[in-house]
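Engineer: Prediction below, plus the sequence it came from.
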Amino acid sequence: MESRMEHLQCLTPDDLKRRADLSSFRWRLLAHGDSWFSFAAAKVDAHANLLEELVLGQPTVAVSCAGHHNALRRMVDLESSADFVRLLVDDSAPVWDGLLLSVGGNDLVAAAAVPAQWPNGETTPPHLRLLRKQTEWGPPNAGVSRYFSEDGWATLAEYLRVNLRHVLSLRDAGPSRGKPVFIHTYAVPTPRPAGAESASGPWLYPALKAYAIPQADWAAMSRLMLSKLAALFKACAADPVQYPNLQVFDSAQVPIAPAALGSSGISGDWHNEIHLNHSGCFKIARAWSVHIETVLSGKPLVTAPPTSGRGRRGGGSSTST
């Protein structure tokens with residue numbers, strides 16, 4: 001008989017203070033991350049999040065520091081997140097069975113948005129931006145990589161590596177030493193004029209326009225940048241000496257319906273340009289749940305089959321972020 005799956009129960013750090021006893025849960029997790037994790041009501045009612053759609057076969061709780069005003073804008077913000085650091089390193093903190101992190105996406109978007117020229121007229125050095133000016137484009141036979149600054153990517157990649165190592169060092173400085181740290185790669189967004197209702201965004205769309213990259217290459221450019229990030233995460237996880245027990249789930253294994261190029265609202269499995277709607281979150285979270293539970297249970301990892309269908313809140317017809 002198939003075991004009953006239960007939704008992950010999410011608590012805030014304030015909830016934890018009111019409910020210190022987590023002994024009724026089989027697994028206890030500490031979570032933090034960007035807006036893909038933020039579960040404040042205004043966020044959940046909008047573009048959904050991965051945490052809310054995780055389901056496991058055993059009662060599981062996540063104390064999440066990714067609240068409405070505390071979602072990560074940069075990976076380095078983890079270090080300045082007082083609740084996250086306290087719950088990870090204090091001797092009085094719970095022993096977490098694992099960490100759930102949604103990181104790196106905002107850093108990639110911010111790096112892509114760095115302009116080729118600053119308001120004072122100075123040119124931004126190639127190692128400080130991800131995109132090339134037209135005068136720097138490579139030959140057409142290089143494909144979309146002709147628009148991409150490998151020097152800029154090297155800078156961003158090292159920043160991400162340093163931050164991942166720092167998170168692992170925080171984990172190993174506290175009671176949860178050696179426990180798995182779960183991160184995910186990102187689904188590939190379609191650059192398009194679809195910002196959030198809060199007036200933030202769009203994100204990739206204005207950057208590609210500013211660098212005059214042909215619209216026909218936008219989707220491939222997005223795929224290139226996200227695949228670079230995914231490859232970096234997976235390479236880190238494959239190095240257990242520098243990144244012990246870093247567990248990476250590759251979202252590329254989950255079929256996500258792309259948004260239509262030029263669309264400005266909900267399209268495919270996307271709420272706006274870079275945030276999934278409920279159906280998109282459901283698809284990725286259900287597959288990631290299998291990966292998480294397999295690791296927590298100590299079972300051998302196997303590739304999970306793609307999932308499809310709707311989450312607990314149904315399809316992506318929400319209206320705010």
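Structural biologist: Perfect, I can see it now. Numbers count the residues shown, from 1 in each chain.

Engineer: where do the helices sit along the stretch 1-150 of the chain?
Structural biologist: 13-18, 41-44, 50-53, 82-89, 105-112, 150-172 (DSSP state H, counting those that start in this stretch).

Engineer: Check the average confidence over the fourth one, would you?
Structural biologist: So that's helix 82-89. In this model, helix 82-89 has an average pLDDT of 92.

Engineer: beta partners for residue 33?
Structural biologist: When assigned by DSSP bridges, residue 33 has beta-bridge partners residue 102.

Engineer: What number of residues are in the vicinity of it?
Structural biologist: 28 (other C-beta atoms under 10 Å). C-beta: built from backbone N, CA, C; applies to glycine.

Engineer: same deal with residue 218?
Structural biologist: Neighbour tally, residue 218, other C-beta under 10 Å: 20.

Engineer: Excluding residues flanking it in the chain, which one is nearest it?
Structural biologist: Residue nearest to residue 218 in three dimensions, not counting chain neighbours: residue 191, with 4.4 Å by C-beta to C-beta, 6 or more residues apart in numbering.

Engineer: State the helix or strand in which that neighbour lies.
Structural biologist: If you go by DSSP states H and E, residue 191 is not part of any helix or strand.

Engineer: Surely it and residue 270 touch.
Structural biologist: No - look at residue 191 against residue 270 with C-beta atoms under 8 Å: they stay out of range, at 11.4 Å.

Engineer: how close does the residue nearest to residue 218 get to residue 34?
Structural biologist: 18 Å (C-beta to C-beta, to the nearest Å).

Engineer: most packed of the helices of the stretch 1-150 of the chain?
Structural biologist: When the helices of the stretch 1-150 of the chain are scored by mean count of other C-beta atoms under 10 Å, the highest mean neighbour count falls to helix 50-53 (a mean of 24).

Engineer: burial of residue 247, as a residue count?
Structural biologist: 20.

Engineer: Quick check: it vs residue 164, distance?
Structural biologist: For residue 247, the distance to residue 164 - C-beta to C-beta - is 12 Å.

Engineer: do the same with residue 211
Structural biologist: Separation of residue 211 from residue 164 (C-beta to C-beta) stands at 28 Å.

Engineer: ok, now residue 112?
Structural biologist: 20 Å.

Engineer: Can you pull the poorly scored residue ranges out of the stretch 201-321 of the chain?
Structural biologist: Scanning the stretch 201-321 of the chain for pLDDT under 70 picks out 301-321.

Engineer: oh sorry, the question was meant for the stretch 1-150 of the chain
Structural biologist: Counting by pLDDT under 70, the stretch 1-150 of the chain contains low-confidence ranges at 1-3, 39-48, 67-72.

Engineer: residue boundaries of the strands in it?
Structural biologist: Ranges of strands in the stretch 1-150 of the chain, per DSSP state E, counting those that start in this stretch, are 6-7, 9-11, 27-33, 55-56, 60-64, 98-102.

Engineer: can you list those in TSV and add distance to residue 174?
Structural biologist: Formatted as TSV, the strands of the stretch 1-150 of the chain follow (distance: least, C-beta to C-beta, whole Å):
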stretch	distance to residue 174
strand 6-7	27
strand 9-11	19
strand 27-33	10
strand 55-56	23
strand 60-64	14
strand 98-102	11
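
Engineer: So which of those is nearest residue 158?
Structural biologist: Proximity to residue 158 (C-beta to C-beta) singles out strand 98-102 among those, at 18.7 Å.

Engineer: what's that closest one packed up against?
Structural biologist: strand 27-33, helix 150-172, strand 181-184, helix 278-297 (3 or more C-beta pairs under 8 Å, 6 or more residues apart in numbering; DSSP states H and E).

Engineer: quick one, what contacts the nearest residue to residue 127 once chain neighbours are set aside?
Structural biologist: Nearest-residue entry for residue 127: residue 151, 4.0 Å, with adjacent residues in sequence omitted and distances by C-beta to C-beta, 6+ apart. Counting by C-beta atoms under 8 Å, 6 or more residues apart in numbering, residue 151 makes contact with 125, 126, 127.

Engineer: Please tell me how far the closest residue to the first one other than its chain neighbours sits from residue 159.
Structural biologist: Right, the one you point to is residue 125. The shortest distance from residue 125 to any non-neighbouring residue, by C-beta to C-beta, 6+ apart, is to residue 151 (8.0 Å). Computed as C-beta to C-beta, the residue 151 to residue 159 distance reads 13 Å.

Engineer: which residues do those two both contact?
Structural biologist: With the criterion set as C-beta under 8 Å, 6+ apart, the contacts of residue 151 and residue 159 do not overlap.

Engineer: Residue 256 is in contact with residue 280, isn't it?
Structural biologist: Yes - assessed by C-beta under 8 Å, residue 256 is found in contact with residue 280 at 5.6 Å.

Engineer: Show me which of these two is the more surrounded one.
Structural biologist: A count of neighbours by other C-beta under 10 Å puts residue 280 above the other of residue 256 and residue 280, at 27 against 19.

Engineer: Just give the nearest non-adjacent residue to that one, would you?
Structural biologist: Of all residues not flanking residue 280 in the chain, residue 269 sits nearest, at 3.2 Å (C-beta to C-beta, 6+ apart).
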